[in-house]
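>>> Prediction below, plus the sequence it came from.
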Amino acid sequence: MRALRMSYIVASVAGVLFFVLSVTLLGVWPARVLQEQSRNMAPENPLGLTRSEMRGRAIYAREGCAYCHTQQVRFTEADMKRFGAPTLAWETRLDYPHLWGTRRIGPDLSRQYQTHPADWHFAHLYSPRSVVADSVMPTYRALFNGAPDQPTQEARDLVSYLDSLGRARELAGPEGEARARKGCNCPDDEMPQMAFHSAVINANAGKARREGPTPALPGNGDIVRGRELYQHNCASCHGPRGHGDGAAGSLRPLPADLSEHQYSPARLSFVLENGVAGTAMPAWRDWSLDDRAAVAAALRELSVGQPEPGIPPATLELGARVYRDNCAQCHGMNGGGDGSAVPELRIVPANLQGVRPTLAQSIRVLRNGIEGTQMAVWTGRLSEAELSAVAYYVRGFYQGEPR
Amino acid sequence: MYAHGLAAVLMLFVSMTFGLLAGTQLLLPDLGAGVSWMTWGRLRYDHTQGILFGWLTNAFLAFLYHAVPVLTGRPVLSARLGQWLFGLWNFAVVIPGWLLVLAGFSQPLEWAEFPLVTDAFVILALLLAAIQFLPAFFTKGLEDLYVSSWYVLGGLIFTLFAYPMGNLVPEFLPGAQGAAFSGLWIHDAVGLYVTPLALAIIYYVIPAASRRPIYSHFLSMLGFWLLFFLYPLNGTHHYVYSVIPMSAQIGAITASALLGLDVILVVTNLLLSLRGSGYLARDIPLRFVATGTVFYLLVSIQGSLQAQMAINRAVHFSDWVIGHSHLAMLGFATFAAAGGIAHAWQRIPWARYNRRAMTWSYWLLVTGVLLMVPHLTLAGLAEARLWQSGAPWLESVRAAQLHWLVRVLSAIPLFAGFIAFLIGLVTGPRGAGLAEIETAIGLEPVEHVSPRLAEAS
């Protein structure tokens, strides 16, 4: 019995030691390593969080956002392809407590910086299904004064926090990555090396960009599949019939009225690949080319075909003059949306070679401008004759297939 | 004990309602109507905290009031202390914790969602529980302790260490550093708290109800010590492929595999103890406990597998893990706790007991678990496949919908099962449980059959 008692006492001591061991080996030691990594691999002066963003962080924690959205891109191929560079320790240095999360019902949010504009976030928080039809996210109406364009300070804080996720890493740029690689000092360590091998920091397939490739879409898209895709992914903003009258009426600029425009295949492909930077229109890079061709076919079906009116040459001449004096600086001499002012603009002006508005739409835009963009209201500056002349004229840039 | 038992079941209903609302919101996301306290996140916090603190802890305390005097031959320290503990636990921890979370005061840490102020009361209550139950174990000397006693000792003492670590450290260490400790607590909450106390019940009820000693006391003790050595070393497996040093991850993954082997040993010993006793069909509490044992085996092997990198790479973050945690908490721990409560109830001479309702409860709950867990696992596999394929994110949400629907439907047998369980505890003639033990089995009247006594016979 003495031996038994002794063995129990030894085991009890060992039990406590194993617990201490676990805390030491899996808690204290990793924390020290991570602290050191944080120090060595961080950029020189990493951007912190503003007061508003810190408050947004607290709201994010309070609402359990981390229980559906992780903030931890793992060192796996699938994660890096979908979200971007794996999360490094220094990126989480301001997180008291951490928000890594253990479940993804929605996507990871570590690389949200500049992935969606604020108006998209507000619409999405107020009514997620107004912008993502099949989303299962709860609505956060309590953060608004009754409408998505009436956010409370809390909603503003939360959105500014969301847009800060991944910012410090992104802004540190190639110098920051180089510094991290040097600070890591781990050329043979496979996993940390992966962190530096991702092509881009933010790989979110929905992140819009101003410039990018225009992949060639297969010719005949499956229109039945296209209609279905449209209803599940596009209709919430652009409306079930494409009139730009979906549930996301708070977006600025408003979603395009697809029935009032004709799009060239190249333009559709460009927008599906790259989105429309600066607007709520995301990119759809994670779609197969077949699916994109299918939805393109469904879109063509939505636009209203109109007989092209014959235009007196004098009108065209007037339109050309008005265009050159007032429009070319932004929209480009040939309507390619590539005028000299483009780098100054938050949203790239319409590429009129790729999109042709109906005459009515053309006039409407000239009269009303486009809220949320730099497209101005021209009624006070152009005479009626000039206005309608240029409305005719701009439709001539279109280079899509005639219909 | 009676109060804790009833509080356990009542709080179970509240916790399940939180879970059901959260689960339903995945199908009807506008259900919460944007009301802040009805949003998914807060319900989700309250669901798991309610299960851990409201249901399981109350059930464990109820069981301890029954088992500790039998195991030690001495009464618990004080009835007065017991009232304080009951009041503190339910009215200073669980109910305020729930309300604070709904009002927006919480911390975003798994198994630690109640705010810091509540944590203070948790620690105080755990201390009181240790004072209430533990001294009795030290009166007879360690060598006489039955394995259940060891599990109670281990569970209560180590939780006192682990709880502050999991709840406090991540508040003071940033990001990845805090997460290292969070990972430990996620596992310790289950491994050093729920598992030991559930196993204490299982090790107690099996010999007491079947009137035969545990198959091997040596294996029991071996299993116990291996479990307490290995469990704490598992935590980092919640963050595989993260920035946490690879050697820590691999250590935890290895410990996870070894733990699976240990559980096989523990469960083999338990199942061998049940072999041929013939009580399984007649004794409903024993049936609960035995089923919990089988779930324990399944969930542990599953856990060891999903910690391995090749599997973790795919299924981590998916509904597979949600299935795993339900198999652990609802399958293993809840079946053990329900069995423990029912077993103790049978032995309170003045308590009502309704055998028919208990039988219904058992089958309904088994149905619920077998509906929910496989469907969550399938959902997880579908999500994992789509995530790996690079398909648009929403595809994985759409693919899970059908399984989420089944998960919500599984609430019907589960609620019905727990209602039947409650009916089993509050209807039927007084003393029916005791009468059942005495007559239905045809043995001499038994008041409290100690496992040690059973072992000696």
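Sure, I can see it.
>>> and the residue nearest to residue A:229 when sequence neighbours are not counted, what is it in contact with?
Nearest non-adjacent residue to residue A:229, counting by CB to CB, 6 or more residues apart in numbering or on different chains: residue A:295, 4.7 Å away. (Glycine included, C-beta is placed from N, CA and C.) Counting by CB atoms under 8 Å, 6 or more residues apart in numbering or on different chains, residue A:295 makes contact with A:221, A:226, A:229-230, A:233-234, A:272, A:287.
>>> Assign a three-state SS to residue B:387, would you?
Following DSSP: H, G, I helix; E, B strand; the rest coil, we place residue B:387 in the helix state.
>>> Pretty sure it sits against residue B:396.
Yes: under the criterion of CB atoms under 8 Å, residue B:387 makes contact with residue B:396 at 6.1 Å.
>>> returning to what we had before: is it true that the residue nearest to residue A:229 lies in a helix?
Yes: under three-state DSSP, residue A:295 falls within a helix.
>>> how near is it to residue A:261?
15 Å (CB to CB, to the nearest Å).
>>> same deal with residue B:420?
62 Å.
>>> Tell me where the model's unsure across the chain.
I went with chain A, as the question did not name one. Judged by pLDDT under 70, chain A has its weakly predicted residues at A:1, A:306, A:401-403.
>>> Switch to chain B, please.
Within chain B, the segments meeting pLDDT under 70 span B:1, B:439-457.
>>> Now do the strands in it.
Counting by DSSP state E, chain B yields no residue ranges for strands.
>>> for stretch A:151-164, which positions count as buried?
Neighbour-count burial for stretch A:151-164 flags A:151, A:154-164 (criterion: 16 or more other CB atoms under 10 Å in any protein chain shown).
>>> Do me a favour and get the backbone dihedrals for residue A:357.
Dihedral pair for residue A:357: phi -80, psi 160, per degrees, to the nearest 10.
>>> List phi and psi for the residue lying closest to it once chain neighbours are set aside.
Excluding the flanking residues, the one nearest residue A:357 by CB to CB, 6+ apart is residue A:261, at 5.3 Å. Note on residue A:261: its backbone torsions stand at phi -130, psi 150 [degrees, to the nearest 10].
>>> what do you get for residue A:262?
Here residue A:262 shows phi and psi, under degrees, to the nearest 10, equal to phi -110, psi 130.
>>> burial count for the residue nearest to it when sequence neighbours are not counted?
Spatially, and ignoring its direct neighbours in sequence, residue A:262 is nearest to residue A:356 (4.5 Å; CB to CB, 6+ apart). Counted with other CB atoms under 10 Å in any protein chain shown, residues neighbouring residue A:356 total 26.
>>> How about the one 4 residues further on?
When counting by other CB under 10 Å, one arrives at 12 neighbours for residue A:360.
>>> which ones are touching it?
Counted by CB under 8 Å, 6+ apart, residue A:360 has contacts residue A:260.
>>> I'd like the distance between it and residue A:153.
41 Å.
>>> Could you tell me how many residues sit around the closest residue to residue B:268 other than its chain neighbours?
Nearest residue to residue B:268 in three dimensions, chain neighbours excluded: residue B:219, at 7.6 Å (CB to CB, 6+ apart). Neighbours of residue B:219 under the rule other CB under 10 Å: 18.
>>> Now that residue B:219 has come up, it's in contact with residue B:269, right?
Yes: using CB under 8 Å, residue B:219 makes contact with residue B:269 at a distance of 4.1 Å.
>>> So which bits of the stretch 201-350 of chain A are right by chain B?
Proximity of the stretch 201-350 of chain A to chain B is confined to A:205, A:232-233, A:284, A:286-287 under the rule CB under 8 Å from any CB of the partner chain.
>>> For stretch A:198-210, C-alpha coordinates in CSV please.
C-alpha atoms of stretch A:198-210 as CSV (Å, rounded to 0.1, in the frame of the first residue of the first chain):
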residue,chain,number,x,y,z
SER,A,198,2.0,34.6,-52.3
ALA,A,199,1.6,36.6,-55.5
VAL,A,200,-0.5,39.3,-53.8
ILE,A,201,-1.2,40.3,-50.2
ASN,A,202,-4.9,40.5,-50.9
ALA,A,203,-6.1,37.7,-53.1
ASN,A,204,-9.9,38.1,-52.5
ALA,A,205,-11.5,37.3,-55.8
GLY,A,206,-14.1,40.1,-55.3
LYS,A,207,-11.6,42.9,-54.9
ALA,A,208,-12.0,45.3,-57.8
ARG,A,209,-9.0,46.8,-59.6
ARG,A,210,-8.7,49.5,-62.1
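>>> chain center to that stretch, what's the gap?
Its chain's C-alpha centre and that of stretch A:198-210 lie 8 Å apart, by CA atoms, centre = their mean, to the nearest Å.
>>> which parts of that stretch are buried?
Quick answer for stretch A:198-210 (16+ other CB under 10 Å): A:198, A:201-208.
>>> Next, count neighbours for the closest residue to residue A:367 other than its chain neighbours.
Take residue A:367 and drop its neighbours on the chain: the residue closest to it by CB to CB, 6+ apart is residue A:379, 5.3 Å away. Neighbourhood size, residue A:379 [other CB under 10 Å]: 13.
>>> Tell me the secondary structure at the residue nearest to residue A:262.
strand.
>>> Now do the same contact list for it.
A:261-262, A:395, A:397-398, A:400.
>>> Residue B:147 now?
With contact set as CB under 8 Å, 6+ apart, residue B:147 has these partners: B:203, B:214, B:217, B:220-221, B:224.
>>> Now the one helix or strand residue A:317 maps to: buried residues?
Using DSSP states H and E, residue A:317 maps to helix A:313-326. Using 16+ other CB under 10 Å as the test for burial, helix A:313-326 gives A:315, A:318-319, A:322-323, A:326.
>>> Put together a markdown table for those residues, with distance to residue B:25 on each row.
Below are the buried residues of helix A:313-326 laid out as a markdown table (distance: CB to CB, whole Å):
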| residue | distance to residue B:25 |
| --- | --- |
| A:315 | 58 |
| A:318 | 59 |
| A:319 | 55 |
| A:322 | 55 |
| A:323 | 53 |
| A:326 | 52 |
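>>> picking up where we left off before, for the buried residues of stretch A:198-210, which one is nearest chain B?
Nearest to chain B, judged by CB to the nearest CB, of the buried residues of stretch A:198-210 is residue A:205 at 7.3 Å.
>>> Once you drop chain neighbours, what's closest to that closest one?
Sequence neighbours aside, residue A:286 is the residue nearest to residue A:205 in space, at 3.7 Å (criterion: CB to CB, 6+ apart).
>>> Same check on residue B:368?
Once flanking residues are discounted, residue B:368 sits nearest to residue B:414: 3.6 Å by CB to CB, 6+ apart.
>>> Looking at the buried residues of helix A:313-326, which one is closest to chain B?
For those, the nearest to chain B is residue A:323 (39.6 Å; CB to the nearest CB).
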